[in-house]
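could you look at this predicted model? Sequence included:
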Amino acid sequence: MTFPRAAGMALLLTASCAWAQSTIRLRARTIQPERGAAVFPPPAGADGGARRTHYILQFSSYPSPELRQELARRGVRALSYVPDSGLMVSSDSTADLQGLGAVWAGPLEARDKLNPLLATRPAPAYLVVFHPDVEMEEARALARERGFSVLENSSLLPGHLVVTGGATRLEELAASDEVSYILPASTDLAAGKPVTGCAGALTDAGIVGEYATVGNGWAKGASGAVALQYVFESLTSKVDQNTARSEIERAFRTWASNANVSFAAGGDASSARTIAILFASGAHGDGYPFDGPGGVLAHTFYPAPPNSEPLAGDMHFDGDESWRVGADTDLFSVALHEAGHALGLGHSGDPGSVMYPYYHFASGLTPDDIAGIQSLYGPSVAAPADPPASTPVQPASPTPSTPQTPSTPQTPSTPAGGKDTTPPSLSIVSPGSTIVSTSSQTISISGTASDNVGVTTVTWSTSTGSSGAASGTANWSAQAPLLVGTNVVTIRAYDAAGNSAWRSITVVRR
Ligand SMILES: [Zn+2]
Ligand SMILES: [Zn+2]
């Protein structure tokens, strides 16, 4: 497996001075424009005329809002941000780019738009991302013209199409000006199931396209470690407050146990290197309003740079969603994905991974996610099991005295005289890995479950639509059917009070 986010050691070595440079960071390659040449829009395609084309316009420094207004005045649409200092724009070939401080202009090439996983494993279908100003009717017509069939799905993100067709034609599709990126479709997408997607991580300068990488994550301290804080500014009323808090903290711990990063409760959301977490409805002051139930579930701002503080790393959840724990819309699964963005990860083309652009029920990270986060921060050096005992403090921040937020109890005890609120504890014993590859049509899963009162039921379900009861409870086993491609199999254990716990594994059937 390769990790385009990881753009190689060169990036890590130049981390300290990268921001002063004017590098174009694509997943497929890094472009270092030479200064001094005059910059013009690329010529229109072979079918010519005044048709708008899409290209990267690179500046010597971060593009300001004033610059974007001037571009709009000249008929150049700014569509998304390309780190470090570029914009994906569209214009016709006569647009005047002089006097704007632009240092380079050029289109994406087909190889910039093909996720590397397309070359290494067969995909049941392809997820094609079009530039944001392309009409979807035009997009459908283009895909058909190139020999692909369109799988209609009304729950896709704007600009997305799922298509099927010959892998040999992908390069030609990618070469089309309207296409911005192509990646393998997940099994859910290939099956036309209702899905919820992540519109991408945000920057002050806009969304970053799937073809770009964002940078190196948070700057490392002298020890090489990265210590972040988090503050809950508001929570949802749809989930018990302590549970919501602990599910989001569990997402942080999951990343921290796999990379050299730590998270500790902070007291001031406006401090540097502090992730402010909030639930909000509609417009909430950052220029990216939420859209009510369904659609966008959450969004997160990438680290600084490229974002400025105090917004960098902040995670916003749409308060209008039906947030739940252990079922859709599962707060932990979404928080795990968003925390990946808060750490600086972009999306992955691996359909089973947490960082795939469409959410799925997740109980932990996949090897793809772990390789991605370790490419930014290196492996965890702390004991993974427990949250840090003391709160690391940013020296420059107006530091609150550390609130003694208790670390999340893994197994809360029954309140005296109260209702049982302790979920069962559940383990998958076999298979011994959370991601499994097999050519078989079914998978046998077994494990253990225990509870302070008693486990009543263990069930299984798959992301490909099958479900049933496991046999046994304390020692349970289940056999789940697999479709070709990625299957996420989720096991749930319930106790008499209705508390539940779950674990899942990703099974790729070849
Ligand atoms: Zn995302
Ligand atoms: Zn927001």
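Received the coordinates, thanks. Ligands and ions are numbered 1, 2, ... in the order given.

for whichever residue of the stretch 51-200 of the chain sits closest to ligand 2, report the pLDDT, please.
Closest approach between the stretch 51-200 of the chain and ligand 2, counting by CB to the ion: Ala199, at 11.1 Å. Glycine gets a C-beta too; all of them are placed from N, C-alpha and C. We have a pLDDT of 79 for Ala199.

break down the stretch 1-150 of the chain into its helices, ranges please.
9-13, 65-73, 117-120, 136-145 (DSSP state H, counting those that start in this stretch).

now those as TSV including mean pLDDT and mean neighbour count?
Below are the helices of the stretch 1-150 of the chain laid out as TSV (pLDDT from 0 to 100; neighbours: other CB atoms under 10 Å):
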stretch	mean pLDDT	mean neighbour count
helix 9-13	32	13
helix 65-73	92	13
helix 117-120	93	14
helix 136-145	97	15
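
wait, which of these is closest to Gly287?
helix 65-73 (10.4 Å; CB to CB).

give me the nearest residue to Gly294, chain neighbours excluded.
What sits nearest to Gly294 in space, not counting adjacent residues and going by CB to CB, 6 or more residues apart in numbering, is Thr196, at 7.3 Å.

typo on my end, it should be Val239
Excluding its sequence neighbours, the residue lying closest to Val239 (CB to CB, 6+ apart) is Trp323, at 5.1 Å.

any idea whether the residue nearest to Ala339 when sequence neighbours are not counted is helix, strand or coil?
Leaving aside its chain neighbours, Ala339 sits nearest to Ala251 (4.8 Å; criterion: CB to CB, 6+ apart). When classified by DSSP: H, G, I helix; E, B strand; the rest coil, Ala251 comes out as helix.

give the contact list for Ala276.
Residues near Ala276 by CB atoms under 8 Å, 6 or more residues apart in numbering: 230-231, 233, 269-270, 310, 313-315.

now do the buried residues in stretch 201-221.
Of the residues in stretch 201-221, 201-218, 220 count as buried by neighbour count, 16 or more other CB atoms under 10 Å.

quick one: low-confidence parts of the stretch 351-500 of the chain?
By pLDDT under 70, the weakly predicted segments of the stretch 351-500 of the chain are 382-419, 421-423, 432-436, 463-465, 484-488, 490, 498-500.

strands along that one, start to end?
425-430, 435-438, 442-450, 455-462, 467-469, 475-481, 485-495, 500-509 (DSSP state E, counting those that start in this stretch).

I'd like to know which of the helices of the stretch 1-150 of the chain lies nearest to Ser425.
Nearest to Ser425, of all the helices of the stretch 1-150 of the chain, is helix 117-120, at 34.7 Å by CB to CB.

report all helices and strands that the closest one contacts.
In this structure, helix 117-120 packs against strand 179-184, with contacts taken as 3 or more CB pairs under 8 Å, 6 or more residues apart in numbering; DSSP states H and E.

packing partners for the strand it packs on?
Using 3+ CB pairs under 8 Å, 6+ apart: strand 179-184 touches helix 117-120, strand 126-130, helix 170-174.

ligand 2 contacts on this structure?
Residues of the chain found near ligand 2, taking CB under 5 Å from the ion as the criterion, are 286, 288, 316.

check which residues of the helix or strand that contains the last one are buried.
Assigning secondary structure by DSSP states H and E places His316 in strand 315-318. Within strand 315-318, the residues that count as buried by 16+ other CB under 10 Å are 315-318.

how near is Ala470 to ligand 2?
According to CB to the ion, to the nearest Å, Ala470 and ligand 2 sit 40 Å apart.

and what of Leu228?
18 Å.

residues in contact with that residue?
Contacts of Leu228 by CB under 8 Å, 6+ apart are 218, 261-264, 273-275, 313.

for ligand 2, give me its nearest residue in the stretch 151-300 of the chain.
Per CB to the ion, Asp286 is where the stretch 151-300 of the chain lies closest to ligand 2, at 4.2 Å.

just the chain next, same as before
Residue of the chain nearest ligand 2, by CB to the ion: His316 (3.4 Å).

bridged to that residue, which residues?
Beta-bridge partners for His316, by DSSP bridges, are Leu278, His299.

hmm, it is touching Leu297, no?
No: look at His316 against Leu297 with CB atoms under 8 Å: they stay out of range, at 10.1 Å.

and stretch 214-226, end to end?
17 Å (CA to CA, to the nearest Å).

likewise stretch 349-361?
End-to-end distance (CA to CA), stretch 349-361: 17 Å.

buried stuff in it?
Under the neighbour-count criterion of 16+ other CB under 10 Å, stretch 349-361 has 349-361 buried.

tabulate the residues you listed (CSV), appending distance to Asp96.
CSV is the format used below for those (distance: CB to CB, whole Å):
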residue, distance to Asp96
Gly349, 37
Asp350, 42
Pro351, 43
Gly352, 47
Ser353, 43
Val354, 44
Met355, 39
Tyr356, 40
Pro357, 35
Tyr358, 40
Tyr359, 42
His360, 46
Phe361, 50
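
and the average pLDDT for stretch 125-133 is what?
Rounded mean pLDDT across stretch 125-133 is 96.

repeat for stretch 228-241
The predicted model gives stretch 228-241 an average pLDDT of 96.

what residues sit buried inside it?
For stretch 228-241, by 16+ other CB under 10 Å, it's 228-232, 235-236, 238-239.

mind checking which of those are in strands?
Using DSSP state E, the members of the buried residues of stretch 228-241 that fall within strands are 228-232.

and of those residues, the nearest to Ser90?
Among those, Leu228 lies closest to Ser90 (CB to CB), at 36.5 Å.

leaving out sequence neighbours, find the closest residue to the residue positioned nearest the centre of the chain.
When CA atoms, centre = their mean is applied to the chain, the residue found nearest the centroid is Met355 (3.9 Å). Take Met355 and drop its neighbours on the chain: the residue closest to it by CB to CB, 6+ apart is Ser348, 4.1 Å away.

hang on, the earlier thing: TSV for the strands of the stretch 351-500 of the chain, including mean neighbour count and distance to Arg52?
Output for the strands of the stretch 351-500 of the chain, formatted as TSV (neighbours: other CB atoms under 10 Å; distance: least, CB to CB, whole Å):
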stretch	mean neighbour count	distance to Arg52
strand 425-430	16	52
strand 435-438	16	42
strand 442-450	18	49
strand 455-462	20	44
strand 467-469	12	48
strand 475-481	18	48
strand 485-495	24	36
strand 500-509	22	40
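
who wins for proximity to Ala123 among these?
Ala123 lies closest to strand 485-495 among the strands of the stretch 351-500 of the chain, at 7.8 Å (CB to CB).

which residues are in contact with the closest residue to Pro43 other than its chain neighbours?
Spatial nearest neighbour of Pro43, chain neighbours left out: Ser93 (5.3 Å); criterion: CB to CB, 6+ apart. Taking CB under 8 Å, 6+ apart, we find Ser93 in contact with 41-44, 50, 53.

please redo it, this time with the cut-off set to 6 Å
By CB atoms under 6 Å, 6 or more residues apart in numbering, Ser93 lies in contact with 41, 43-44.

before we move on, the earlier item: turn the ones in strands among the buried residues of stretch 228-241 into TSV, including distance to Ser380.
Shown next, in TSV, are those (distance: CB to CB, whole Å):
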residue	distance to Ser380
Leu228	14
Gln229	18
Tyr230	18
Val231	23
Phe232	24
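
does Thr459 touch Thr473 like I think?
No: the pair Thr459 and Thr473 does not pass the contact test of CB atoms under 6 Å, sitting 10.8 Å apart.

what segments of the stretch 251-400 of the chain are helices?
Under DSSP H, counting those that start in this stretch, the stretch 251-400 of the chain gives helices at 331-342, 367-377.
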